[in-house]
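Chemist: What shape does this take:
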Amino acid sequence: MQVTAMDVYRLLPKTNCGKCDESSCMAFATKLIEKELTLDDCPQLSGDERQKLEDLLAPAVREITFGPEKNQVVVGGDEVLYRFELTYYNPTALVVDLPDDLPSEEIRKRASDIMNLKFERTGEELTLDAIALRNKSGSPEKFAEAAGTLAELNFPVVLCTFDPEAMRAALEVLGDQRPLMYAATKDNLQEMADLSISYGCPLVLFSPGDLEEMKNLTRRLRAMGLTEIILDPGTFTGEGIGDTIDNFVMIRRLAVEERDEDFRFPIMGIPALSRLSGGDPVEDNIKEATVAATLMNRYADILILGGTDIWELMPILTLRQGLYTDPRKPQTVDPGIYEFGDVDENSPVILTTNFSLTYYTVEGDLKAGDVTAYLLVLDTEGRAVDVSLAGGQLTGTAVADLIKDSGIEDRVKDRVLIIPGLAAPASGEIEDDTGWKVLVGPRDSSGIPDYLEKLASE
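Modeler: Okay, the predicted model is just below:
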């Protein structure tokens with residue numbers, strides 16, 4: 001059951017003291033629910049009431065942190081099954097496999113490639129989150145040596161071995177950077193739990209295809225005092241993907257709907273296992289990306305990948321970006337004037353909205369077409385052209401205010417405004433309210449370069 005502001009208010013001091021900079025305790029309760037404030041913002045909270053509030057406000061899925069202090073990864077923290085109910089928090093961590101049987105220089109090079117892989121989309125830099133160091137050699141000494149190489153980079157690491165001795169050896173050189181330990185099983189549970197407690201590192205519990213066994217093992221770990229646990233119910237690729245999805249969904253339902261303490265932990269998937277068939281590398285990349293996207297859509301909080309080709313990772317990173325935007329708060333850019341090329345008083349003026357996807361699409365098309373122009377960005381509360389037109393944000397009055405506030409009239413000689421083709425129904429209103437001549441441009445911004453070229457030749 002979702003916690004309401006009234007549930008929180010009942011446990012607050014109810015003094016309306018204003019020390020939290022809110023007008024009332026009810027307003028403070030609302031901000032707590034929205035995660036815009038924390039309990040630390042109320043100086044009057046202490047003792048049992050604070051503890052009750054901490055328990056009440058704890059997300060259905062516990063947050064787990066790993067990695068060096070200045071470069072941490074946070075997973076979990078979700079409270080709902082469906083994004084539209086609230087939002088999803090803490091984007092799925094994307095981790096890339098790195099075997100330990102490579103020379104140190106090769107490990108360092110591959111690690112650097114993983115750390116530096118990035119691309120920009122709609123103004124956001126999309127990157128990978130961690131390295132999964134796999135004990136492929138089977139040697140504790142080799143595993144520790146590779147861990148030492150990664151320790152120099154201060155980048156989040158997942159240590160992957162079922163051998164407690166190998167795990168201990170790696171933790172001795174990397175433990176102070178708080179790596180994620182993968183993995184405890186029914187056969188090594190006590191040894192891995194002892195290491196997790198000793199080094200203060202979170203632990204993955206691996207119980208493939210058996211949620212009843214996972215529940216029993218989780219309960220044992222919790223009885224030992226472990227609270228930082230990540231669950232791996234097994235990633236069965238190919239024909240087994242349906243069972244994998246069922247297990248992921250069941251775990252998350254038990255966490256969110258039942259508040260089952262044994263399942264209130266983040267979930268790990270390993271799409272890299274789709275490469276075990278040893279087939280065509282391109283087909284393996286496609287298969288891995290498909291599995292990763294499927295599991296991300298079904299509550300995976302952390303994924304281990306084998307491929308590093310940018311064409312494989314781009315759709316995964318893009319999907320993650322889309323899933324982990326807040327549906328209550330459209331992505332926006334700042335309204336105002338943006339310059340493209342070496343503008344002067346004769347440069348055309350183009351209008352668009354401040355919905356980030358719209359803006360960055362227009363930006364990309366203007367740059368690709370080597371356009372010289374002013375771009376006027378209207379504050380439509382993050383709505384696209386057609387939506388803002390229907391919703392009443394894109395109006396003649398709003399455009400007139402933008403022209404006045406931006407100072408564009410002082411920069412250009414002609415009073416001509418090119419509006420998007422989708423805004424054509426408002427062209428007359430904009431003309432009347434602004435006093436500018438309005439031209440209706442193409443419906444798609446990719447047509448702007450040709451449109452301007454044709455306009456210049458007339």
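Chemist: how much space between the nearest residue to Ile419 once chain neighbours are set aside and Thr397?
Modeler: Nearest-residue entry for Ile419: Leu351, 4.8 Å, with adjacent residues in sequence omitted and distances by CB to CB, 6 or more residues apart in numbering. Quick note: C-beta positions are derived from backbone N, CA and C, even for glycine. Per CB to CB, to the nearest Å, Leu351 is found 14 Å from Thr397.
Chemist: Settle it for me: which of these two has more neighbours?
Modeler: Leu351 (23 against 12; other CB atoms under 10 Å).
Chemist: CA atoms only: put the one helix or strand that one maps to into PDB for me.
Modeler: Assigning secondary structure by DSSP states H and E places Leu351 in strand 349-353. The C-alpha trace of strand 349-353 is given here as PDB (Å, rounded to 0.1, in the frame of the first residue of the first chain):
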ATOM      1  CA  VAL A 349      14.400  33.600 -36.300                       C
ATOM      2  CA  ILE A 350      12.900  30.100 -35.700                       C
ATOM      3  CA  LEU A 351      10.500  29.200 -32.900                       C
ATOM      4  CA  THR A 352      10.300  25.900 -31.000                       C
ATOM      5  CA  THR A 353       9.300  24.600 -27.500                       C
END
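Chemist: Quick check: mean pLDDT of that strand?
Modeler: In this model, strand 349-353 has an average pLDDT of 98.
Chemist: packing partners for it?
Modeler: Helices and strands touching strand 349-353, by 3 or more CB pairs under 8 Å, 6 or more residues apart in numbering; DSSP states H and E, are helix 356-368, strand 373-378, helix 385-391, strand 416-419.
Chemist: Adding mean pLDDT and mean neighbour count as columns, could you present the ones you listed in CSV?
Modeler: Converted to CSV, the helices and strands packed on strand 349-353 look like this (pLDDT from 0 to 100; neighbours: other CB atoms under 10 Å):
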stretch, mean pLDDT, mean neighbour count
helix 356-368, 94, 18
strand 373-378, 98, 22
helix 385-391, 95, 18
strand 416-419, 97, 22
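Chemist: closest to Ala147 out of the ones you listed?
Modeler: helix 356-368 (39.7 Å; CB to CB).
Chemist: what inclination does that closest one have with respect to strand 349-353?
Modeler: Relative orientation of helix 356-368 and strand 349-353, computed by axes from the mean of the first three to the mean of the last three CA atoms, to 10 degrees: 150 degrees.
Chemist: Give me the helices and strands touching helix 356-368, please.
Modeler: Partner elements for helix 356-368 (3+ CB pairs under 8 Å, 6+ apart): strand 336-340, strand 349-353, strand 373-378, helix 448-457.
Chemist: repeat that with 7 Å
Modeler: strand 349-353, strand 373-378 (3 or more CB pairs under 7 Å, 6 or more residues apart in numbering; DSSP states H and E).
Chemist: I'd like to know how many residues surround Ile131.
Modeler: Neighbour count for Ile131, taken as other CB under 10 Å: 24.
Chemist: Repeat that for the one 10 residues further on.
Modeler: Burial of Glu141, expressed as a neighbour count using other CB under 10 Å, amounts to 10.
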